[in-house]
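J.: fold the following and give me the result.
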Amino acid sequence: MGRCPVCNNRFDPADVKVLEDREDAYLIYIRCRHCQSSIVAVVTAGILGVTSIGLITDLDSEEIMKFKDSRQISSDEVIDLHQLLRQKRTIKEWLK
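T.: Numbers count the residues shown, from 1 in each chain. Below is the predicted model of the structure:
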C-alpha cells in the first residue's frame, strides 16, 4: 500500500495513522495528500509475511473508530428500509 489507488501518488509515511492494533493486526487509515482520497486497511503479520486488505472510503478516521464496533445491519433491515423508501415516506417520519 505504498501508492494511492486513486491517483497513484506515493503515500508519505506521515500520512499513515494506526487506529488500533491487536496482536499481529493493525487497523490503519491513510489520507492521500494529493487527491484527498481515504483508505482504511487491516494489515496483518504472520508466518507467510505481511498481508493487507484495504478499501477506499469517504469516512474520516474518527468515523471509522465510531462505527467499527457497531452491530451488523441484517438483510431484513435493509429490505425494510427499501420498502419504506419506496412508499415515499421520509426518513424523518419513519424515525418518529
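J.: so residue 51 bridges to which residues?
T.: residue 44 (DSSP bridges).
J.: that one contacts residue 43, correct?
T.: Yes: applying CB atoms under 8 Å as the test, residue 51 and residue 43 come out as touching, 7.3 Å apart. Glycine gets a C-beta too; all of them are placed from N, C-alpha and C.
J.: tell me which residue lies farthest from the centre of the protein.
T.: Distance to the chain centre peaks in the chain at residue 87, reaching 30.7 Å (criterion: CA atoms, centre = their mean).
J.: please read off the pLDDT at that one from the model.
T.: Looking at residue 87, its pLDDT reads 76.
J.: before we move on, what about the one 3 residues further on?
T.: Here, the pLDDT recorded for residue 90 equals 67.
J.: likewise for the one 3 residues further on?
T.: Among the per-residue scores, residue 93 shows a pLDDT of 68.
J.: can you check residue 54 too?
T.: Turning to residue 54, the model gives it a pLDDT of 91.
J.: what about it, distance to residue 11?
T.: 11 Å (CB to CB, to the nearest Å).
J.: do the same with residue 26
T.: 15 Å.
J.: residue 59 is in contact with residue 67, correct?
T.: Yes: the pair residue 67 / residue 59 is scored as a contact, 7.5 Å apart, by CB under 8 Å.
J.: what packs against the biggest helix by length in the chain?
T.: Ranked by residue count, the top helix of the chain under DSSP state H comes out as helix 75-86. Contact here means 3 or more CB pairs under 8 Å, 6 or more residues apart in numbering; DSSP states H and E; on that basis helix 75-86 packs against no helix or strand.
J.: centre of the chain to that helix, how far?
T.: Centroid separation for helix 75-86 versus its chain: 23 Å, with CA atoms, centre = their mean, to the nearest Å.
J.: same question for stretch 43-55.
T.: Taking CA atoms, centre = their mean, the mean C-alpha location of stretch 43-55 is offset from the chain mean by 17 Å.
J.: likewise stretch 52-64?
T.: Here stretch 52-64 is found 3 Å from its chain centre; the criterion is CA atoms, centre = their mean.
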